[in-house]
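In: Output the structure for:
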Amino acid sequence: MMLLAVSEPRISRQPDAALIHAVRKGQTSLFRQIYRRHYAAVYAYSLTCMPSPLDAFELSSYSFEQLLQKLLSGQVPGESRHGGCLRIQLLRAVRNSAVRRSQHDHARLSPHFRAWVDAGALWSMAEDGQLAVAYEMLTAADQCLVWHSLIENDDSQSISRIMGLSAGTIEDRGDAADRALRRARSDLYLTRLEREDCRTFMESLDGEVGEPLGRDSQVHLANCPACQAVYEDLRLLDTRLAGQLPSRLLGWWPAQEYLRMREAVSVPVTDPPFLNRALRNGQSSDPPGTHHSPHRRAHPLETQGIARLRAARPERVFALAVTAALLAAGILAFNHAQEPLRPPPPAPSSTAPRATNAPRPAPQHSTRARIAANAFDAQEGTEPVGSDRPDARRMGDSSVLRYEAVDFGDTGDRRLVARLAGPVGGGAWIDFQIDDNDYRAAAALARVFPALDGSLRDVSVSVLPVVGVHRVIITATCLTVDPCIALDRFGTALY
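Out: So this is what the prediction gives:
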């Protein structure tokens, strides 16, 4: 899958440490570089904990917001365990939030993560605890370099940006960190040795296993099973490190699933809601000329939904921002036979709109007959799809389609059906509103997500019974590509 290339300002070449320092000094907008740099990994890890892309996006956003608030309050991540590696800190925040969530919303976890929590969320004692101790004996910089190079297999350009190293020095620095880890590993073994010949052998290795052994060392190794095991451990340390260290540091580590999904994730093209709020609230002292992403006006559904979910639990403060972590078809099978994963449609503040004694406008469109997207009465930011689909409109972020005098009939239809297509992996949706007065007073009707495989299909969602004639407004949200939705038609059904 081709990943979305996000244009980043020049400041993005600053290492994590420099960005953290700048944000702590009040340059809040620079946090977007931290967010974009680590988004794919944090979101992919969240997906291994959560049952849906929406839940994973909420969890990852909450973890990033926690980090931002800590920085703005003056805290330094480097003061905590493994603080020299921001990636580990963020993944740990995701895991902690997911475990806390399990205490009051146990069903909304991924099956494997739920099983881990049910078993006590315990670190596996089958893993080598001494390996983690050796890792913690390294400097913070070496810990971070080992994590990104040997655990996450990041490319040199990514490591260069994260750590502030020149590309030409990364390999040498990585080899030095690897040697330091081997020495730490052998030093730990030395502290447990009582036999002098074993101690002599281990000291002669000094953590190295690539050089030919001398005659005396060969004889000792052939006759000492314990030293043979340690020697083999050092020889295979890189492989064991990738397989065992993350489990010792994080507890929850589905390695293949995480790494596979991380490669399929695209970075959102807009700032997350929590960063927009921080910038709007003036929590920034950015220098003149600092790059700012354009801020999309908050959709009424977002404002209502976030307030409602905040009251329910802290972790769900971003419930109306959907996943931008994107899996190519076949990478991970989500359950979306007829309907893609989505949150429940936002409920209006009162009963569903119904016909009143007011003069009823003459119907122009009938939902039972399916309304062509191109039959709009007004639009903003949309365009035709093409001659092969004359009824369809292509919609970009915040684009609007308006339909006057839409007749929902008198039977109280309970399903809304939309024929549409979106980007592979998601990161896009459309909102339907009933608006009999003005845009600000619009009542939420439904939120519809296209199929994750990018195909054109009918998607059916439940709605409160609607009768009568109303104005309908459709808006699109695009997190990863823009435009993102191709809508052919929509309508309703009784069941």
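
In: wait, Arg24 sits on Leu71?
Out: Yes: counting by C-beta atoms under 8 Å, Leu71 is a contact partner of Arg24 at 5.0 Å. Where C-beta positions appear, they are placed from N, C-alpha and C, glycine not excepted.

In: Have a look at those two and say which one is more surrounded.
Out: Legend: neighbour count by other C-beta atoms under 10 Å for Arg24 and Leu71, higher for Leu71 (23 against 17).

In: Tell me the pLDDT of the residue nearest to the more buried one when sequence neighbours are not counted.
Out: In space, Leu71 comes closest to Val23 once its chain neighbours are excluded; the distance is 4.5 Å by C-beta to C-beta, 6 or more residues apart in numbering. Note on Val23: pLDDT of 92.

In: so how far is Leu275 from Val23?
Out: Val23 sits 11 Å away from Leu275, taking C-beta to C-beta, to the nearest Å as the criterion.

In: after the strand or helix carrying the residue nearest to Leu71 comes which helix or strand?
Out: Val23 belongs to helix 16-24 when elements are defined using DSSP states H and E. Using DSSP H and E, the helix or strand that follows helix 16-24 in sequence is helix 31-49.

In: mean confidence for that following helix?
Out: Average pLDDT, helix 31-49: 94.

In: counting contacts, what elements does it pack onto?
Out: Counting by 3 or more C-beta pairs under 8 Å, 6 or more residues apart in numbering; DSSP states H and E, the packing neighbours recorded for helix 31-49 are helix 16-24, helix 53-72, helix 86-102, helix 111-118, helix 156-163, helix 255-263, helix 273-280.

In: thinking again about what came up before, quickly list what's touching both of Val23 and Leu275.
Out: Counting by C-beta atoms under 8 Å, 6 or more residues apart in numbering, the shared contacts of Val23 and Leu275 are 31, 68.

In: just to revisit the earlier point, buried deepest among the helices and strands packed on helix 31-49, which one?
Out: Of all those, helix 53-72 has the most neighbours on average by mean count of other C-beta atoms under 10 Å, namely a mean of 23.

In: re the thing from before, for the helix holding Val23, packing partners?
Out: Secondary-structure packing of helix 16-24 (3+ C-beta pairs under 8 Å, 6+ apart): helix 31-49, helix 53-72.

In: Any chance of a markdown table for those, columns distance to Thr200?
Out: As requested, the helices and strands packed on helix 16-24 are exported to a markdown table (distance: least, C-beta to C-beta, whole Å):
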| stretch | distance to Thr200 |
| --- | --- |
| helix 31-49 | 44 |
| helix 53-72 | 48 |
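
In: For the closest residue to Ser166 other than its chain neighbours, give me its contacts.
Out: Nearest residue to Ser166 in three dimensions, chain neighbours excluded: Ser160, at 6.7 Å (C-beta to C-beta, 6+ apart). Applying C-beta under 8 Å, 6+ apart to Ser160 gives the contacts 166-167, 170.

In: Test for you: state the pLDDT assigned to Ser160.
Out: pLDDT, Ser160: 90.

In: now do Ser61
Out: Ser61 carries a pLDDT value of 92.

In: unless I'm mixing things up, it is touching Phe274, no?
Out: Yes: at 6.4 Å, Ser61 counts as touching Phe274 under the criterion of C-beta under 8 Å.

In: Out of the helices and strands packed on helix 16-24, which gets nearest to Thr239?
Out: Closest of those to Thr239 is helix 31-49, at 21.3 Å (criterion: C-beta to C-beta).
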